[in-house]
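> Got a sequence here, can you build the structure:
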Amino acid sequence: MMWKTLVRLQVGGRGGPLSSLHPCSSWPVLRQRSTSASNQTDIELARERSKTVASFYNQSSIDIAAAKPSVRLTPTTMLYSGRSQDGSHILKSARYLHKELPVRIAHRIKGFRSLPFIIGCNPTILHVHELYIRAFQKLSDYPPITDHETEAQYCKLVRDLMDDHKDVVTQLAEGLRESRKHIQDEKVIRFFLDKTLTSRLGIRMLASHHLSLHEDKTPM
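All right, here's what the predicted structure looks like:
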């Protein structure tokens, strides 16, 4: 694929654990900074960016997940799923999300990679693409959910990711508006938007439903 042939990852560059060359722009080399308290946040952000960039180039895990079909749940199934006194229904729901969300997000990453090259290189579109890669990496790396403690931590992760993605629709609209003059086939863009926005609605519905179960509230 074009994304594979036009990107190169250099590992172990001078001054930091990871140097990268992106097909669309020159990402700066991530350099190890001072370990003083004032710079600690920047260091953590740099490390997270390193993981995200590495995930971009690590096609295999994303490709494997994207090849899997998503397991659909109807609203009726979600609404009338049984609730247990011991809270086992919450663990069951969390384990479903743990398996399902990476698959659905991998499908969307595949969609971004199928965009025309010059559209995918738009900085705003690229930012949203990176958000999905980061979400995939975090969700895929989360350990199996074995008890209510790990489920509670998983809920925190899901909330954080939902907050990270709250402006995705606006950002996609902005990126496509910026790229308008480069769009040659409206059908390709329309198909991408239909799939992305429909998938986003489904993902947020599933996540919100589980968070409602966790908080013992009746989902809307």
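> just the strands in the chain please.
Secondary structure of the chain (DSSP state E): strands located at 8-11, 18-21.
> Can you give me the neighbour number for residue 105?
27 (other Cβ atoms under 10 Å). Glycine gets a C-beta too; all of them are placed from N, C-alpha and C.
> Who are the contact partners of residue 182?
Residues in contact with residue 182 (Cβ atoms under 8 Å, 6 or more residues apart in numbering) are 116, 118, 119.
> which among these end up buried?
Buried subset of the contacts of residue 182 (neighbour count, 16 or more other Cβ atoms under 10 Å): 116, 119.
> quick one, helices of the protein?
Assigned by DSSP state H, the helices in the chain fall at 2-5, 37-57, 59-66, 75-79, 88-113, 117-120, 123-141, 148-164, 168-178, 186-214.
> Need those helices in TSV (columns: mean pLDDT).
Formatted as TSV, the helices of the chain follow (pLDDT from 0 to 100):
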stretch	mean pLDDT
helix 2-5	38
helix 37-57	56
helix 59-66	91
helix 75-79	62
helix 88-113	94
helix 117-120	93
helix 123-141	95
helix 148-164	96
helix 168-178	96
helix 186-214	94
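> What's the separation between the residue nearest to residue 197 when sequence neighbours are not counted and residue 124?
The spatially closest residue to residue 197, leaving aside those adjacent along the chain, is residue 169, at 6.9 Å (Cβ to Cβ, 6 or more residues apart in numbering). Distance of residue 169 to residue 124, computed by Cβ to Cβ, to the nearest Å: 12 Å.
> what's the answer for residue 212, then?
32 Å.
> OK, contacts around the closest residue to residue 214 other than its chain neighbours?
Of all residues not flanking residue 214 in the chain, residue 155 sits nearest, at 5.0 Å (Cβ to Cβ, 6+ apart). Residues counted as contacts of residue 155 (Cβ under 8 Å, 6+ apart) are 94, 210, 211, 214.
> got it, and residue 112?
The contact partners of residue 112, by Cβ under 8 Å, 6+ apart, come to 120, 125, 128, 129, 132.
> from memory the last one sits against residue 109, does it?
Yes: with contact defined as Cβ atoms under 8 Å, residue 132 reaches residue 109; the gap is 5.1 Å.
> mind saving the C-alpha coords of stretch 180-188 as CSV?
Extracted in CSV, the C-alpha atoms of stretch 180-188 (Å, rounded to 0.1, in the frame of the first residue of the first chain):
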residue,chain,number,x,y,z
ARG,A,180,-11.4,20.5,-1.1
LYS,A,181,-9.5,21.5,-4.2
HIS,A,182,-7.6,18.2,-4.1
ILE,A,183,-10.8,16.0,-4.0
GLN,A,184,-11.3,14.4,-7.4
ASP,A,185,-13.8,11.7,-6.6
GLU,A,186,-16.6,12.8,-4.3
LYS,A,187,-17.9,9.2,-4.0
VAL,A,188,-14.6,8.1,-2.3
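> With that, I have no additional questions.
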